[in-house]
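Q: sequence and predicted structure below; questions after.
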Amino acid sequence: MTEPTQRRVVVLGAGAAGTAAARTLATHPGVSVSLVARTDETPSNRMLVNKGIAIDLLQPEQIALPLPGVELITDTAHAVSTVSAVSAATAGAESRHSVVLASGATLDADVVLIATGSAPLPIEVPGATQAQQHGNITTLHSVADGVRVRDALAAGPSRIVVLGGGILAGETASLLAARSHEVTMVTRSAVPGAGAFGAAVAQRILELHRSRLDLRAGRSLSEVKASTSGAAGEVLVTLDDGSRIAADLMVVAHGTVPTGPAPWASGLEVDARLRVPGTPRVYAAGGVARHRHPLIGDWRIDHWADSAAQGEHAARSVLHDLGLGEDPGAYLPATMHATTIHGTSLTAAGITGPPAADRVVSLDPLVVVHEIEGIPVGVSGLDAAALVPDWLGRLHKPTS
């Protein structure tokens, strides 16, 4: 008897979504899996960049991710060429794809799953480019970024500006302040984090920040100027109210934008099963994927736990569409994730920011259910890790 032909699935991206998808696919004998990472990248757990590498608790090799049964290719994916649904139907054959790599090599694939994630939002104020080139400004988006912060702070307590108010910024500011660094946190929002985990939770976290560091809420940058003397120097940050902050380092964590290979450089829209509409056998998951839902509206989540869940779901959709597995159904975010900010644990799942409305169900500990038209779409809580899981099974379902 002839053995069935394996289908080749090429996964682009070595972050949470890509590695989760590759591991899920690799367990099925009907597919061969190639994962394409960026050139010279080692697949790693990026959740540990700020709370492991940057504060010198872990070495880069300690956060590497194993990928059993997966062919790893470290050669940045530049473009994907596809056969349109109309052309494939006319030809009477299944569509095939070709992935163009930075080296000029190409990979043929039956299926492409794009999980290339996101890139930090740039700083577009006078002096930012020069300060970044001088080493006074860094993001915390990669292992190399974590090493850069670690090395910059190796001499001892430093003056640090953290730009941003979301989960990464809040967690990083907390970690640095706890290690005796002089931290100033600059956020455009008057209530930092409201867009990430809702107003009720963000208001409590605002009070924590105010008690532990120099918080400049409701402020934005107008200029940054790097010192030109010495190897390290300093950066002078000017805010929109004219105030100035002298720092040894500025850490940028004020949001991300999706980034993908051509022709999807700014991300991909996906359907409920994480397929890319109009492009047969192309899927997307994680920070690169833009979702649309009739109730929730447009949404994109860019944290590790949900990205990993999307990667696994997209892989199951691939297997189903290849006739190798059951239909996983529609994807809706309900994966729990947690962090600690100034000693207070934040636990959340689902859509926790706008357009959802907060409904406080417990004050001590604080538990907030985030609803749209009366339907719970997210839950968050402070020091409520034992209570938040009770709501996971109720998300995205009408209340009785």
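A: On my side now, so go ahead.
Q: please make it C-alpha for all contacts and neighbour counts, starting now.
A: OK.
Q: around residue 207, count how many other residues there are.
A: Summarising burial for residue 207: neighbours were counted as other Cα atoms under 10 Å, giving 12.
Q: where does the protein have low pLDDT?
A: In the predicted model of the chain, residues 1-4, 83-95, 228-232, 400 satisfy pLDDT under 70.
Q: tell me the centre residue of it?
A: residue 302 (3.1 Å; Cα atoms, centre = their mean).
Q: contact partners for the nearest residue to it once chain neighbours are set aside?
A: Nearest non-adjacent residue to residue 302, counting by Cα to Cα, 6 or more residues apart in numbering: residue 287, 4.7 Å away. Contacts for residue 287 were tallied using Cα atoms under 8 Å, 6 or more residues apart in numbering; they are 115, 116, 117, 118, 258, 300, 301, 302, 303, 307.
Q: where do the helices of this protein begin and end?
A: 16-26, 48, 85-91, 128-134, 143-152, 167-178, 194-197, 199-212, 304-321 (DSSP state H).
Q: take those helices and lay them out in a markdown table including distance to residue 236.
A: Shown next, in a markdown table, are the helices of the chain (distance: least, Cα to Cα, whole Å):
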| stretch | distance to residue 236 |
| --- | --- |
| helix 16-26 | 35 |
| helix 48 | 29 |
| helix 85-91 | 54 |
| helix 128-134 | 9 |
| helix 143-152 | 16 |
| helix 167-178 | 19 |
| helix 194-197 | 28 |
| helix 199-212 | 22 |
| helix 304-321 | 33 |
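Q: what residues sit buried inside stretch 243-253?
A: For stretch 243-253, the buried set under the neighbour-count rule, 16 or more other Cα atoms under 10 Å, comprises 246, 247, 248, 249, 250, 251, 252, 253.
Q: tell me the one of these nearest residue 144?
A: Comparing the buried residues of stretch 243-253 against residue 144 with Cα to Cα places residue 251 closest, at 13.4 Å.
Q: any idea how far the closest one lies from residue 126?
A: Going from residue 251 to residue 126 by Cα to Cα, to the nearest Å gives 17 Å.
Q: also residue 276?
A: Using Cα to Cα, residue 276 is found at 38 Å from residue 126.
Q: so between the two, which is more surrounded?
A: residue 276 (21 against 13).
Q: so how far is residue 313 from the residue nearest to the more buried one when sequence neighbours are not counted?
A: Leaving aside its chain neighbours, residue 276 sits nearest to residue 270 (4.7 Å; criterion: Cα to Cα, 6+ apart). According to Cα to Cα, residue 270 stands 12 Å off from residue 313.
Q: tell me the buried residues in stretch 316-330?
A: For stretch 316-330, the neighbour count (16+ other Cα under 10 Å) marks 316, 317, 318, 319, 328 as buried.
Q: correct me, but the last one touches residue 316?
A: Yes. Using Cα atoms under 8 Å as the test, residue 328 is close enough to residue 316 to be in contact (6.2 Å).
Q: got the CA coordinates for stretch 130-150 in CSV?
A: Output of stretch 130-150 as CSV, limited to C-alpha atoms (Å, rounded to 0.1, in the frame of the first residue of the first chain):
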residue,chain,number,x,y,z
GLN,A,130,20.1,60.0,17.1
ALA,A,131,19.4,58.8,20.7
GLN,A,132,18.7,55.3,19.5
GLN,A,133,21.8,55.2,17.5
HIS,A,134,23.8,56.4,20.5
GLY,A,135,22.3,53.6,22.6
ASN,A,136,20.3,55.9,25.0
ILE,A,137,16.9,54.5,23.8
THR,A,138,15.9,50.9,23.5
THR,A,139,12.8,48.7,23.1
LEU,A,140,12.2,45.5,25.0
HIS,A,141,10.9,43.4,22.1
SER,A,142,13.7,40.9,21.6
VAL,A,143,16.4,38.9,23.5
ALA,A,144,19.0,41.4,22.1
ASP,A,145,16.9,44.3,23.6
GLY,A,146,17.0,42.5,27.0
VAL,A,147,20.7,42.0,26.8
ARG,A,148,21.1,45.7,25.9
VAL,A,149,19.2,46.8,29.0
ARG,A,150,21.0,44.4,31.2
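Q: quick check: buried residues in that stretch?
A: Result for stretch 130-150 [16+ other Cα under 10 Å]: buried residues 130-132, 134-150.
Q: please apply the same query to stretch 23-33.
A: Applying 16+ other Cα under 10 Å to stretch 23-33 flags 23, 24, 25, 26, 30, 31, 32, 33 as buried.
Q: make JSON lines out of those residues and add distance to residue 374.
A: Below are these laid out as JSON lines (distance: Cα to Cα, whole Å):
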{"residue": "23", "distance to residue 374": "37"}
{"residue": "24", "distance to residue 374": "35"}
{"residue": "25", "distance to residue 374": "37"}
{"residue": "26", "distance to residue 374": "40"}
{"residue": "30", "distance to residue 374": "43"}
{"residue": "31", "distance to residue 374": "42"}
{"residue": "32", "distance to residue 374": "44"}
{"residue": "33", "distance to residue 374": "42"}
